[in-house]
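S.K.: here you go, sequence then predicted model.
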Amino acid sequence: MTALSANEVSLLDTGAHLAYLSRSVEGRLAQLWSAGLFIERPSFYPQGVLVQQTRDYEAPSDGTPTYRDFCPPADMRDVHIAVGLDRGGDPTSVKVCMGFLNQDSPNRLGNTLLMAVCPESKDKYPEVAAILSPHEAQLPRLALAGVVVGPHRRAVRVFVNSDYPAVCNTTCHKGHSSSLPCPFCLGTKCSSDRRCVLVAPFGTIQDLTAAHPPRTAAHLREMRTAYQSFGQTPGGLGLDTHLSIERTPVITVPPSQIVPLSLHLLIGLTLRMLRLSIEGLTQARGVAAGRQFSHMLAAALSVEIGAEPVPYNGGNFIGRHCHAIASRSDAVVRSLRPLLPATWLTAYERAWTLFRGLMSTLNRAAIVPPAEQRQFKIDARAFVRLLPGTFPWVSISPKIHVLFSHTWEFMGLWGSTGLYGEQAIESWDGFYNQNAARFTAETPLLSCRKLVQTMALSGLASDALRRAKETIRKRRHGAREAVGPGDRRLGHNKPWRRECLATLEKRAADRAKWATDQFDKTNQVIVAFSMKS
């Protein structure tokens with residue numbers, strides 16, 4: 001399907017729901033305040049010291065930003081909202097939603113505001129720009145005017161969260177294949193001759209000792225002006241000027257307010273660790289052994305861990321599967337014990353131990369204590385250094401670079417990454433699939449319009465507000481009973497669920513496809529490494 005025009009996208013608007021975005025935001029925040037459920041989300045000093053917010057926001061009378069990059073001082077009262085988009089569902093559609101971080105459980109679907117749904121099969125830049133065009137002027141206006149919550153006018157901090165391609169398309173970064181692949185900083189991809197002019201001032205992300213200058217919202221605005229007003233092209237500006245911002249930015253926010261992909265880091269790095277086991281065996285014992293082990297690994301993940309690849313997630317594992325794989329990674333290590341050299345096996349087991357600790361902190365939707373943040377930084381850097389230090393074919397990908405350099409920076413500034421994560425955006429796909437019968441229409445476009453209208457008219461009260469109105473259930477006093485040998489709360493005591501032969505065959509086919517795909521990708525890495533060495 002081709003990209004939607006601006007007129008087609010405008011068909012999804014629902015009057016006040018989108019034309020008056022600030023009113024929708026103020027209304028939702030006012031509900032939280034009146035219910036006593038509004039939670040302050042302050043910022044922190046680099047040492048982990050809480051910044052006390054004592055000043056109210058004053059909207060500028062001349063309509064120009066008072067603070068550089070729409071970034072008010074840390075001691076000013078504010079509200080945190082997150083904007084993100086995700087492609088998925090059946091039929092495939094792109095959903096744009098806004099999350100409100102000043103409440104308990106902000107990652108729940110009911111605590112977000114659905115802004116738009118478009119029947120697109122792609123989330124490339126043209127589609128993203130068309131989908132966000134109705135909101136392009138609303139978000140800066142909202143940040144400029146602020147919102148009134150209770151007795152105070154507060155500044156608005158807009159955060160961008162989603163997966164890596166969506167973040168790059170929203171900020172108009174070229175992506176992971178560009179010369180400067182990181183949307184947070186100016187580190188170069190590698191030190192080739194073509195990029196030598198940028199290696200000296202910026203360094204490469206492969207060099208774990210280099211310090212890379214951060215990107216700025218001022219540069220994004222400069223590129224927006226150059227591309228929109230003056231009709232410049234990336235080729236005319238040059239790499240040292242556009243710095244891999246090769247399209248007109250859609251949403252301009254400071255890099256400190258781009259959420260470092262907490263959910264997709266979990267999924268991507270779990271898959272990277274599984275591939276590393278296949279790569280190590282292929283390098284040590286050859287192609288045939290690597291291919292055979294990939295199928296053994298898929299079987300072990302299914303039987304011993306209970307994790308199955310899911311087709312709707314690209315044939316990979318979802319978030320809860322990744323947590324299960326990390327917590328039971330000894331099953332993977334055990335299958336490698338007679339096959340890998342002792343040095344590699346010890347390092348691989350150590351990597352799983354570090355990653356398991358990182359995962360619990362990275363995805364926790366709560367403020368992380370300063371001591372745990374410092375330990376997270378130490379473990380993240382140890383994990384990333386361990387991989388290329390022991391396995392020479394491993395290169396620092398953009399996601400590994402984000403874990404090494406930027407997750408702890410975001411966590412130190414805002415207290416958590418999981419609170420600002422993209423889980424709520426992902427849950428809209430499941431909601432749309434489960435309620436598809438309610439939104440059927442003549443065309444996919446009208447079906448999406450019906451979904452947005454239904455959510456706007458119903459108000460979709462947040463879970464926090466619904467809990468505030470419900471009768472509180474009295475809990476039983478006393479300690480929880482201990483789990484006994486026959487307790488059905490244990491997985492192995494639950495009765496076996498019968499499944500039809502077709503379901504079992506499909507799962508076996510999905511596992512075989514996953515194993516084949518992972519071996520093909522890991523074999524390409526080993527072949528490329530062998531050609532270089």
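M.R.: Received it, and whenever you're ready, just let me know what you need.
S.K.: just checking, residue 146 touches residue 157?
M.R.: No. Look at residue 146 against residue 157 with C-beta atoms under 8 Å: they stay out of range, at 10.5 Å. In this view, the C-beta of every residue, glycine as well, is placed from N, C-alpha and C.
S.K.: if I look at residue 359, how far off is residue 202?
M.R.: According to C-beta to C-beta, to the nearest Å, residue 359 and residue 202 sit 30 Å apart.
S.K.: residue 301 now?
M.R.: For residue 301 relative to residue 202 (C-beta to C-beta), the value is 39 Å.
S.K.: neighbour count: these two, which is higher?
M.R.: Applying other C-beta atoms under 10 Å to residue 301 and residue 202 shows that residue 301 carries more neighbours, namely 25 against 21.
S.K.: and that one, which of the three is it?
M.R.: helix (DSSP: H, G, I helix; E, B strand; the rest coil).
S.K.: I'd say it and residue 328 touch.
M.R.: No. Applying C-beta under 8 Å, one finds residue 301 not in contact with residue 328, separated by 9.2 Å.
S.K.: quick one: residue 514 is in a helix?
M.R.: Yes. The assignment for residue 514 (three-state DSSP) places it in a helix.
S.K.: so what pLDDT did the nearest residue to it once chain neighbours are set aside get?
M.R.: Closest residue in space to residue 514, ignoring its immediate chain neighbours: residue 309 at 4.2 Å, by C-beta to C-beta, 6 or more residues apart in numbering. Note on residue 309: pLDDT of 88.
S.K.: for residue 36, see how far away residue 309 is.
M.R.: 44 Å.
S.K.: quick one, which of the two is more surrounded?
M.R.: residue 309 (23 against 7).
S.K.: so what's the more buried one up against?
M.R.: Contact analysis of residue 309 by C-beta atoms under 8 Å, 6 or more residues apart in numbering lists 298, 315-317, 510-511, 513-514.
S.K.: now it: phi and psi?
M.R.: The phi and psi values for residue 309, taken as degrees, to the nearest 10, are phi -60, psi 140.
S.K.: for the closest residue to residue 257 other than its chain neighbours, give the beta-bridge partners.
M.R.: Nearest residue to residue 257 in three dimensions, chain neighbours excluded: residue 159, at 4.8 Å (C-beta to C-beta, 6+ apart). Taking DSSP bridges as the rule, residue 159 bridges to residue 82.
S.K.: among the contacts of residue 309, which are in helices?
M.R.: 298, 510-511, 513-514 (DSSP state H).
S.K.: got a winner among those for most neighbours?
M.R.: residue 514 (25 neighbours).
S.K.: shaky segments in the chain?
M.R.: Along the chain, segments meeting pLDDT under 70 span 1-20, 69-70, 90, 121-123, 192-196, 312-314, 456-483, 488-489, 491-492, 494-498.
S.K.: domain ranges for it, per the record?
M.R.: 6-166+422-461, 173-249, 262-418 (automatic domain parsing).
S.K.: closest one to residue 518 among the ones you listed?
M.R.: Residue 518 sits nearest to domain 262-418 of all the domains of the chain, at 5.5 Å, using C-beta to C-beta.
S.K.: so how far is the first residue of that closest one from its last?
M.R.: End-to-end distance for domain 262-418, by C-alpha to C-alpha, to the nearest Å: 6 Å.
S.K.: what sits against residue 232?
M.R.: The neighbours of residue 232, taking C-beta under 8 Å, 6+ apart as the test, are residue 226.
S.K.: double-check that it belongs to a helix.
M.R.: No. Applying three-state DSSP, one finds residue 232 to be coil, outside a helix.
S.K.: give me the element residue 115 is part of.
M.R.: Using DSSP states H and E, residue 115 sits within strand 112-118.
S.K.: which residues sit against stretch 505-517?
M.R.: With C-beta under 8 Å, 6+ apart, stretch 505-517 has contacts from 294-295, 297-299, 302, 308-311, 315-316.
S.K.: shouldn't residue 102 be in contact with residue 29?
M.R.: Yes. Residue 102 lies in contact with residue 29 (C-beta under 8 Å); the separation is 7.0 Å.
S.K.: overlap in contacts of the two?
M.R.: Both residue 102 and residue 29 are contacted by 38, 79, under the criterion C-beta under 8 Å, 6+ apart.
S.K.: how many other residues sit next to the closest residue to residue 447 other than its chain neighbours?
M.R.: Nearest residue to residue 447, sequence neighbours excluded (C-beta to C-beta, 6+ apart): residue 441, at 4.3 Å. By the criterion of other C-beta under 10 Å, residue 441 has 12 neighbours.
S.K.: what helix or strand is residue 323 on?
M.R.: Element membership for residue 323, per DSSP H and E: helix 319-327.
S.K.: what comes up buried for that helix?
M.R.: Within helix 319-327, the residues that count as buried by 16 or more other C-beta atoms under 10 Å are 319, 321-326.
S.K.: what helices and strands are in contact with it?
M.R.: helix 262-285, helix 342-362 (3 or more C-beta pairs under 8 Å, 6 or more residues apart in numbering; DSSP states H and E).
S.K.: of the ones you listed, which stretch is the most buried?
M.R.: helix 262-285 (a mean of 22; mean count of other C-beta atoms under 10 Å).
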